[in-house]
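**Q** this is a predicted model, with the sequence first.
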Amino acid sequence: MGDQQGILYIATGERHVQEALESASASTPHACGHPFVLVTDRISQAKDAGVFDQVLSHSNAIGGYRDKISPLKNLPFAQTLFLDSDARLTAPVNALFSALGSAHLAATHSPVRHPSGWRDERVPSLFPELNSGVLLLRRGRRQKRLIRRWLSLYDKLHRRFAQTWDQASLRSVVWTMMQQEGLRLTVLPAEANFRTTKPWVAGKGLAVHVLHGRVPLDERQALMHYLNSDIGRFRTWAEWFQRTPQSKLAL
């Protein structure tokens, strides 16, 4: 595609494809006219829905985290916003593209800084994992190298330790390329990738731009009203549950 900026979902399996269709549909009002692309193993299901501007075939879908890494080698846009199937835009996407600036990669820190399992001890502890469910990527040689190395290390860890988690390998590769090859990383605030599955705080003065988590359908409107109707104050999970004790929002 000739577009300079766009939004990419990668989803395999019926459940995740349906979730991506719903998330992309909900994101459309905030997409500022930018196109949506889906990479999937369910081509007919996705095309029939008519949500995405382009549907591409996933060449090696096996299920699990690995499925989302390999398609990131060949990005459909010069600047690509990748979203997990359970992530949706909740504010104009142009702010996210602007935040990429001149960086090769933009992401937020993972709320769980260092999960159990393998981690690269050569990387400083205060450089925690990046959440891989919302990534801004600038297409180019460094981006391709980053994804190739991420996939290679992911496969190595899977073989050696049966580790399926993908963010430990991403952390290692990003840090190494920053130190040795000039990879430029922009770390975005939590509002750019708002994880509803962990205790959360929305910072005063900034709207939530991407809601990332499986929010019950009957709570979405109320949650977004709480998060973005008055950004001149802190909004917290504790207050949300105090106001909405019947909430089924998973933590």
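**A** Cool, got the structure.

**Q** CA atoms only: put the longest strand along the chain into PDB for me.
**A** Secondary structure assigned by DSSP state E gives strand 5-11 as the longest strand of the chain. Extracted in PDB, the C-alpha atoms of strand 5-11 (Å, rounded to 0.1, in the frame of the first residue of the first chain):
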ATOM      1  CA  GLN A   5       0.700   5.800   8.000                       C
ATOM      2  CA  GLY A   6      -1.700   3.100   9.000                       C
ATOM      3  CA  ILE A   7      -3.000   0.700  11.500                       C
ATOM      4  CA  LEU A   8      -2.100  -3.000  11.600                       C
ATOM      5  CA  TYR A   9      -3.700  -5.900  13.300                       C
ATOM      6  CA  ILE A  10      -2.300  -9.400  13.300                       C
ATOM      7  CA  ALA A  11      -4.800 -12.100  14.400                       C
END
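
**Q** show residues contacting that strand.
**A** Around strand 5-11, the neighbours that count as contacts under CB atoms under 8 Å, 6 or more residues apart in numbering are 17, 19-20, 23-24, 27, 31, 34-40, 42, 52-53, 58, 67-68, 71-72, 75-85, 89, 93, 97. To be clear about C-beta, it is placed using only N, CA and C from the backbone, and glycine gets the same treatment.

**Q** that one pairs with which strands, and in what direction?
**A** strand 36-40 (parallel), strand 79-83 (parallel) (DSSP bridges).

**Q** and the residue lying closest to Asp155 once chain neighbours are set aside, how many neighbours?
**A** With sequence-adjacent residues excluded and distances taken as CB to CB, 6 or more residues apart in numbering, Asp155 is closest to Arg66, at 7.5 Å. Residues within reach of Arg66, counting by other CB atoms under 10 Å, total 17.

**Q** state the pLDDT value of Arg66.
**A** Per-residue confidence (pLDDT) for Arg66: 95.
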